[in-house]
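> Sequence plus the predicted model coming up.
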Amino acid sequence: MFELTITTDFEAAHRIPEYPGKCQRLHGHNWKVEVAVSGEGLDHLGMLVDFRVLKQEVAKVIATLDHYYLNELAAFQTICPTAENIACHIYKKLVKSASLPAAVTVSYVKVWESPYSAVSYREGGQ
Ligand SMILES: Nc1nc2c(c(=O)[nH]1)N=C([C@H](O)[C@H](O)COP(=O)(O)OP(=O)(O)OP(=O)(O)O)CN2
Ligand SMILES: [Zn+2]
């Protein structure tokens, strides 16, 4: 099994409306995102998936979050844009991506809210 990761980041504002503290107020983060994909089979070049292809697919999702006020986005009208929900949102968007090879599975998405605090989202008991 091969597991490949890429990292990227984006800037966005959010607030956690019912949070009992300062996070209830509008504030921003430079969110770091790590995406891991895995699979068994390599292509004729010896790659699970080209890093460039994975970065492009992740970039499409990140573009929908970058420099937005996350609470205003459709994805976060019924759930709060916590690091947990952002990681889950990115994961589910990537799973739907048609541009990743069929044999490639998204292992997890990890989102850092700060250099010291991160959340990983994965499915299927991995
Ligand atoms: N499990 C989670 N906990 C918290 C989340 C979250 O998304 N998931 N989010 C927040 C707030 O967004 C807040 O901005 C972060 O708060 P905090 O950790 O206090 O961040 P600081 O950088 O301000 O850290 P200090 O130690 O207070 O300087 C809170 N929790
Ligand atoms: Zn925050």
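It's in. Everything quoted here is computed from the prediction, not taken from an experiment. Ligands and ions are numbered 1, 2, ... in the order given.

> if I've got this straight, residue 94 is in a helix?
Yes. Remark: residue 94 belongs to a helix, assigned using DSSP: H, G, I helix; E, B strand; the rest coil.

> Who are the contact partners of it?
35, 57-58, 61, 100, 106, 109 (Cβ atoms under 8 Å, 6 or more residues apart in numbering). Using the backbone N, CA and C atoms, a C-beta is placed for each residue, glycine as well.

> switch the cut-off to 6 Å
residue 106 (Cβ atoms under 6 Å, 6 or more residues apart in numbering).

> helix/strand/coil for residue 91?
Residue 91 - assigned by three-state DSSP - is helix.

> Let me see the contact set for residue 7.
Per Cβ under 6 Å, 6+ apart, neighbours of residue 7: residue 34.

> Bridged to it, which residues?
Judged by DSSP bridges, the bridge partners of residue 7 are residue 34.

> C-alpha coordinates for stretch 98-116, CSV please?
Extracted C-alpha coordinates of stretch 98-116, given in CSV (Å, rounded to 0.1, in the frame of the first residue of the first chain):
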residue,chain,number,x,y,z
ALA,A,98,-13.7,12.6,-10.9
SER,A,99,-10.1,13.5,-11.7
LEU,A,100,-8.5,11.2,-9.2
PRO,A,101,-7.7,7.7,-10.5
ALA,A,102,-10.4,5.2,-9.5
ALA,A,103,-7.9,3.0,-7.6
VAL,A,104,-6.9,6.0,-5.4
THR,A,105,-8.7,6.3,-2.0
VAL,A,106,-8.7,9.5,0.0
SER,A,107,-7.2,8.3,3.4
TYR,A,108,-7.7,11.4,5.4
VAL,A,109,-7.8,15.2,5.4
LYS,A,110,-6.0,17.0,8.2
VAL,A,111,-6.7,20.7,9.0
TRP,A,112,-4.6,22.8,11.2
GLU,A,113,-6.2,25.8,12.7
SER,A,114,-2.9,26.9,14.1
PRO,A,115,0.6,25.4,14.2
TYR,A,116,-0.4,23.7,17.5
